[in-house]
Structure formats: C-alpha cells, structure tokens
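Asker: Sequence unavailable; structure follows:
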C-alpha cells in the first residue's frame, strides 16, 4: 500500500464539508434535512422572507472509513429570499435565494478548523403559483439554479473545515402535492456537480481532488392536526454519489451514500411566521459518517 493510500485511509474522514449539513470524505456541504414540509412554495406569497435554521449533527461511526471517537457540528443558516410577483417563464415568477452559513465543528481526534463562516449559497429561481382545486391548492413547485461559492473558512492543514475550497453547482426541483386538504407530500431533488479542490488536506499528499457527481434530496409527509396551525409528519433525506471522485485527475472507486428518516412538525404561528422542527436518524451509509441530525427553522415574511 502506498503512503498516499495509507494516509488517505487513516485521515480521510472529513476532507471538505460543513457549510450546510453533509459530512463526508469528498463531498461539499449540501442540504440534507434543512427543508421539509410544504417545500413547494413560500407560505405567504410575494415579498421578502428571512429564515433562520439551526441544525445539530452528531456521529460516532464512519462507514468504510477510519474509526472516529466523536464528530459533531452546529450549523446556523441565515437565509434571505425575495419572491417577485412578475411572471418570466411559462407563468413562473422569478425569485432570488441567498444563504450565509455559520459553522461550529468539533472532532476527536482529528484536527478541525473550529468555527467560522461556511460557503455562500446563491440561487435564482422560478416559482409557479399553486394549481387550485375545489377545496384549495393541489400542487405547487419551484426550480432553483443554486451555486455553492467557496467563501468559507478553510485551512489545508485541517481535516475538517467550515468551507469546501471549491465551487459546486447544485440545482433542484421542489414541489408539494396536496393529497387532500389535510395531507401533503413534499420533496426537493438536487443534482450536484463539484469543481476541483487545488489545495486539499495536506495529509493526503495530493495536488488536487474532485468529488464525484451526486443526487440528493429531502422528502416529507405531513398531516394537519390543528386547522391552520399544526401539521405533524415524517421527514427524510438521501444522498447518492453517481460518479467517481478523482485524485490528481485519476478516478477512485469511492462513492458515498446515506439515507435518513424521522418525525417532525410545522407550527404556523400566523400567516407570516412559521416554525419547523425535524429529526433524522441515518442508516445505509457508505464511505461517510452515520449519525443523527436535528433541525429547527424559523421563517418570517415581511
């Protein structure tokens, strides 16, 4: 075994991650479990929205990797969103989504970069008005061209960083289906393409790395138990790498995957204020950590 492979197998536990919530060998931080119920449209129509997300992730298992005593992360996403009332494409109305992450990391025994700003996310999008039926909305959806910009704190001497040190393109389609006025099914499906990291973790002894393409998504089913106020349900996410990662331009057979599911709720305080809580328990992981995740989200419409 070469020294490069040996070092990779020993410390390849968090190379580039955590501006949002994905913990992995190669992959950047992406939306795993931040969004859930009623994801197909903004809750109060056009205008400015602010959302604050707080997520806690903890794992003590690294599947197909080195033993890890403890890994945990606190992630705060600060999101500003503008939804216009101007149709631009097939009746869809344009909007803009900006997310600034703040990250706190702790790992034992791996060297981490403590706390700092994560990578900036920016995405123009098109939101379609709900398709209405006799008893209310039936379906609503949105497409966003999201880009992850490597502005986060990064140090090649640290195995775990708030920033990824490479660009990623992460567009998605989000939708909500009203199975009945009380029962909804929501999903958000992403495609992920990653650029090269030209300054990877020094312990790898590599000139560059590039994470493989992937698909990932969130899903949720909710039932209204208190009219206009409370929905409870099941939420989950998945991540599946569909292309090989590269080291120094050479493909390596190491594809990540994970699945998670758990309970959650959304409380509609009023039309302009909404609180979401989601819990997730991971399983079926490959080449990444396997743990649990909790998300608290507050959405305000101005």
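Answerer: Happy to help now that I have it. Keep in mind the model is a prediction, meaning the values are calculated, not measured. Residues are numbered from 1 along each chain as shown.

Asker: tell me the phi and psi of residue 120?
Answerer: The phi and psi torsions at residue 120 (degrees, to the nearest 10) take the values phi -70, psi 140.

Asker: Could you check the pLDDT of residue 8?
Answerer: Here, the pLDDT recorded for residue 8 equals 36.

Asker: Might you report the residue contacts of residue 135?
Answerer: 180-181 (C-beta atoms under 8 Å, 6 or more residues apart in numbering). Yep, even glycine has a C-beta here, placed from its N, CA and C like the rest.

Asker: please renumber so the chain begins at 22
Answerer: Fine by me, first position is 22 from now on; the one you just mentioned is residue 156.

Asker: Now that we're looking at residue 90, what pLDDT does it have?
Answerer: At residue 90, the model reports a pLDDT of 60.

Asker: buried stuff in the strand or helix carrying residue 281?
Answerer: Using DSSP states H and E, the element containing residue 281 is strand 278-291. Residues of strand 278-291 classed as buried by neighbour count (16 or more other C-beta atoms under 10 Å): 278-281, 283, 285-287, 289.

Asker: got these as CSV, with pLDDT and distance to residue 163 columns?
Answerer: CSV is the format used below for the buried residues of strand 278-291 (pLDDT from 0 to 100; distance: C-beta to C-beta, whole Å):
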residue, pLDDT, distance to residue 163
278, 95, 26
279, 97, 25
280, 98, 24
281, 98, 23
283, 98, 24
285, 98, 20
286, 98, 22
287, 98, 18
289, 97, 20
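
Asker: Counting by contacts, list what the strand holding residue 281 packs against.
Answerer: strand 235-247, strand 251-262, strand 294-307, strand 309-322 (3 or more C-beta pairs under 8 Å, 6 or more residues apart in numbering; DSSP states H and E).

Asker: the inter-axis angle of that strand versus strand 251-262?
Answerer: 150 degrees (axes from the mean of the first three to the mean of the last three C-alpha atoms, to 10 degrees).

Asker: got the angle between strand 278-291 and strand 309-322?
Answerer: Here strand 278-291 points in a direction 20 degrees away from that of strand 309-322 (the same axes, to 10 degrees).

Asker: Name every strand pairing with strand 278-291 and say which way it goes.
Answerer: strand 251-262 (antiparallel), strand 294-307 (antiparallel) (DSSP bridges).

Asker: Format these as JSON lines; extra columns: mean pLDDT and distance to residue 99.
Answerer: Formatted as JSON lines, those follow (pLDDT from 0 to 100; distance: least, C-beta to C-beta, whole Å):
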{"stretch": "strand 251-262", "mean pLDDT": "98", "distance to residue 99": "21"}
{"stretch": "strand 294-307", "mean pLDDT": "97", "distance to residue 99": "16"}
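
Asker: coming back round to it: wait, which of the buried residues of strand 278-291 is closest to residue 304?
Answerer: Proximity of those to residue 304 (C-beta to C-beta) peaks at residue 280, which lies at 5.7 Å.

Asker: Please name the residues that touch the closest one.
Answerer: 257-259, 303-306.

Asker: Go again with 7 Å.
Answerer: 259, 304-305 (C-beta atoms under 7 Å, 6 or more residues apart in numbering).

Asker: Please spell out the PyMOL selection for the buried subset of these.
Answerer: Applying 16+ other C-beta under 10 Å to the contacts of residue 280 leaves a buried subset, and the PyMOL line that selects it is:
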select buried, resi 259
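
Asker: moving C-terminal of the lengthiest strand in the chain, what's the next helix or strand?
Answerer: Using DSSP state E to define each element, the chain has its longest strand at strand 91-110. Counting by DSSP H and E, the next helix or strand C-terminal to strand 91-110 is strand 113-129.

Asker: Now that following strand: buried residues?
Answerer: Going by 16+ other C-beta under 10 Å, strand 113-129 has these buried residues: 113-116, 118, 120-126, 128.

Asker: next one: stretch 221-241
Answerer: Neighbour count says stretch 221-241 has 221-222, 224-225, 227, 230-233, 235, 237-241 buried, by 16+ other C-beta under 10 Å.

Asker: Same check on stretch 307-321?
Answerer: Neighbour-count burial for stretch 307-321 [16+ other C-beta under 10 Å]: 307-312, 314-316, 318, 320.

Asker: Please produce CSV containing these, extended by distance to residue 79.
Answerer: What follows is the buried residues of stretch 307-321, written out as CSV (distance: C-beta to C-beta, whole Å):
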residue, distance to residue 79
307, 19
308, 19
309, 14
310, 9
311, 11
312, 5
314, 8
315, 9
316, 13
318, 19
320, 25
